[in-house]
Every structure is written in structure tokens, then in C-alpha cells.
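Novice: next come a sequence and a model predicted from it.
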Amino acid sequence: MNGWVVVVAASAPALVAGPVMWFLSRFDKRNTEQHKGNMGVLNRIEGKVDKLDERVDSHIEWHMKKD
């Protein structure tokens, strides 16, 4: 009887950790897909931000020349 208690006690963490690790690996895959989609959006926005930055800089220069 004591042998079974040892076997059950030793395998209990694996019975709990297995499903938890499976769930976390699935969450990680979804997170990776979301990051890939967000990077596409950020790359499109980056060009617009760069253009806006150039326009603001030239506008500030225009004001400085005007004075």
C-alpha cells in the first residue's frame, strides 16, 4: 500500500503541470499571431508618422524663418 502512495504522490505534479503547460502553449501561439498582426499595423502607421514628423519639422522651420 505504501508503494502506491509514493507513486501517486510522485505523479500528482505531472498530472497537474501537464494540462497547465498545454494551455499555456496554446495561449502563446495565439499571442504570437496577435503580435504578427499588430506589427503589420505598426509598420503601416510608422510611414505615416515619419511623414507627419517631416511636415511638423518643416512647419517649425518655416515659423523660425518667418520671424
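Specialist: Thanks, I have it.

Novice: residue 28: neighbour count?
Specialist: 9 (other Cβ atoms under 10 Å). For the C-beta atoms, the positions are set from N, CA and C on the backbone; glycine is no exception.

Novice: just the pLDDT for it.
Specialist: At residue 28, the model reports a pLDDT of 71.

Novice: and the residue nearest the centre of the protein?
Specialist: In the chain, the C-alpha nearest the mean C-alpha coordinate belongs to residue 35, at 5.0 Å (Cα atoms, centre = their mean).

Novice: and that one, how far is that from residue 42?
Specialist: Computed as Cβ to Cβ, to the nearest Å, the residue 35 to residue 42 distance reads 10 Å.

Novice: low-scoring stretches of the protein, by residue?
Specialist: For the chain, the stretches flagged by pLDDT under 70 are 1, 67.

Novice: just the helices in it please.
Specialist: Taking DSSP state H, the helices of the chain run over residues 2-66.
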